[in-house]
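>>> okay, structure incoming, though there's no sequence with it:
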Ligand SMILES: Nc1ccc(F)c(C(=O)c2c[nH]c3ncc(Cl)cc23)c1F
Ligand SMILES: [Fe+3]
């Protein structure tokens, strides 16, 4: 039998260059860019990094989840059901759009820099039309694992070194924010069936037995060889990155912008539901956000 390697290795490393998105916003697209499609169950990962003039005014979602994690600055959000709030540095908004959300996500104008990540996670067929749900955690409510001095792992979803997140993930997902000082080495466990990647935010990290170098704004995709750990080291620089992994859904994906279903017919029906404000989009009728 072929031996399962101890650690996942890195298959490819892709640099995300800045591009415009939304209204006047700047993002770097990781998953979801041409070279990084089909990382089931993940549909998109954007690192947004703008001054507060740009934003994401009124738009819908159906069939998946958006996970917004702030690094600097504050984003105000408001949806068509009147759910509104502001997320700041270190805070998390895990939004299960399910059968339908219409919302607006705008920077707080008094901030100088709006910096964070938005991850789109696909939902399995049986959850695509579920009731929308928010799971919102302040920075202080997100548990940390500190396996050694100089290594802090914020457990946004899933588990690390025995520390578990309280976030309920319909699609089994790990979402870890790693901050490692230089000259450290850790081994993160990962279920053998999970698809995963690292998105580098700052500094350099070396992954796998071959010590593949990860640099800022690069996405490093993991091998799918069933290994149940990922070896991660730093050398002469500190590193800040997110480690994201999940159970592939293995379902057909039909995506039209903010609608992600399994068939063309379901997408057609979604456009009709949105147009005629029904089947979950009732409150979209005549709704305008007050923040955009
Ligand atoms: N359909 C569609 C089309 C274009 C968009 F920009 C968006 C969208 O809202 C976002 C894309 N990345 C983002 N990062 C951060 C935040 Cl807060 C929002 C987004 C969207 F939904
Ligand atoms: Fe959105």
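In hand now; what should we look at? As the structure is a computational prediction, the values presented were derived from the model and not from experiment. Ligands and ions are numbered 1, 2, ... in the order given.
>>> what strand or helix carries the residue nearest in space to the middle of the chain?
Using Cα atoms, centre = their mean, the residue of the chain that lies closest to the mean C-alpha position is residue 119, 2.2 Å off. Take DSSP states H and E as the rule and residue 119 turns out to sit in strand 114-122.
>>> residue 49 now?
strand 42-50.
>>> what distance separates that strand from the middle of the whole chain?
7 Å (Cα atoms, centre = their mean, to the nearest Å).
>>> outside of that strand, which residues touch it?
Residues from elsewhere that reach strand 42-50 (Cβ atoms under 8 Å, 6 or more residues apart in numbering): 16, 18, 21, 24-32, 64, 107, 113-122, 195, 197, 199, 201, 217, 219, 244, 246, 253, 255, 260. (Glycine included, C-beta is placed from N, CA and C.)
>>> which residues does stretch 258-277 contact?
In contact with stretch 258-277 (Cβ under 8 Å, 6+ apart) are residues 43, 59-64, 100, 120, 122-123, 125, 128, 251-254, 256, 278-281, 283-285.
>>> that one near ligand 1 anywhere?
Yes - using Cβ under 6 Å from any ligand atom, a contact is recorded between stretch 258-277 and ligand 1, made by residue 258.
>>> got the residues of the stretch 151-292 of the chain near ligand 1?
Residues of the stretch 151-292 of the chain lying close to ligand 1 by Cβ under 6 Å from any ligand atom are 257, 258.
>>> OK, now which residue of the stretch 151-292 of the chain is nearest to ligand 1?
Closest residue of the stretch 151-292 of the chain to ligand 1, Cβ to the nearest ligand atom: residue 258 (3.5 Å).
>>> quick check: that residue vs residue 97, distance?
Using Cβ to Cβ, to the nearest Å, residue 258 is found at 8 Å from residue 97.
>>> neighbour count winner among the two?
residue 97 (26 against 18; other Cβ atoms under 10 Å).
>>> where does the chain have low pLDDT?
1 (pLDDT under 70).
>>> can you give me the helices for it?
Secondary structure of the chain, counting by DSSP state H: helices at 264-275.
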